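[1] Next input, structure requested:
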Amino acid sequence: MNIILTQDVDNLGQKGEVISVKNGYGRNFLIPRGLAVVANPSNVKRYEEETRQQAVKLESARKDAEALAKRINDMEIVLQAPVGEEDRIFGTITTQQIADALAGRGIEVDRRKISLDSDIRTTGEYTATVKLHPEHSGSLTVQVVPESLTEAL
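    Just a heads-up that it's a prediction; the model follows:
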């Protein structure tokens, strides 16, 4: 019996593959559990179309991530924070604050995709990396300034 897997099955195959299995295994185990469908011509055509559409979506997402990475690479963000002695800020600058600053510039990025080389605990210039896609990431400069300086400007 030929079937098309609708999910990855260990020791059998990946989603979308057309494989041959024994009739009982297909009819009594795989199909009732929703792991496979019978490989008739209409189902084969449908899964080929779904695979093609998924490839188009993945390529579109890759191109969007590449364009966004180019925008982010030359960007500098200025964040203000209250400071104490020796230019140490109270608390730390978090990835959420960086994501909010990016959102203010029209770039929506999940905070979990932003990584910092080190904790930001003092004023100065830091680099943050934004992981947009497995193939593309962008790095931006984060400038931390005391609140009193930005009020004077």
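[2] So, low pLDDT: which residues of the chain?
    148-153 (pLDDT under 70).
[3] show me where it has strands.
    2-5, 18-20, 36-38, 76-81, 88-93, 114-116, 120-122, 124-131, 137-146 (DSSP state E).
[4] could you check the angle strand 88-93 makes with the fourth one?
    In other words, strand 76-81. Calculated by axes from the mean of the first three to the mean of the last three Cα atoms, to 10 degrees, strand 76-81 forms an angle of 120 degrees with strand 88-93.
[5] What is strand 76-81 packed up against?
    The elements that strand 76-81 packs onto, with contact taken as 3 or more Cβ pairs under 8 Å, 6 or more residues apart in numbering; DSSP states H and E, are strand 88-93, helix 95-104, strand 137-146, helix 147-152. (C-beta placed from N, C-alpha, C; glycine too.)
[6] Show me which residues of that strand are buried.
    Across strand 76-81, burial judged by 16 or more other Cβ atoms under 10 Å covers 77, 79, 80, 81.
[7] Could you dump the residues you listed into TSV and include distance to residue 11?
    Formatted as TSV, those follow (distance: Cβ to Cβ, whole Å):
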residue	distance to residue 11
77	49
79	51
80	57
81	54
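[8] Pick the one among those closest to residue 40.
    residue 77 (55.6 Å; Cβ to Cβ).
[9] out of everything not next to it in sequence, what's closest to residue 2?
    residue 39 (3.9 Å; Cβ to Cβ, 6 or more residues apart in numbering).
[10] I meant to write residue 114 there.
    Closest to residue 114 by Cβ to Cβ, 6+ apart is residue 95, at 4.2 Å.
[11] what sits against the one you found?
    111, 112, 114, 115, 116, 128 (Cβ atoms under 8 Å, 6 or more residues apart in numbering).
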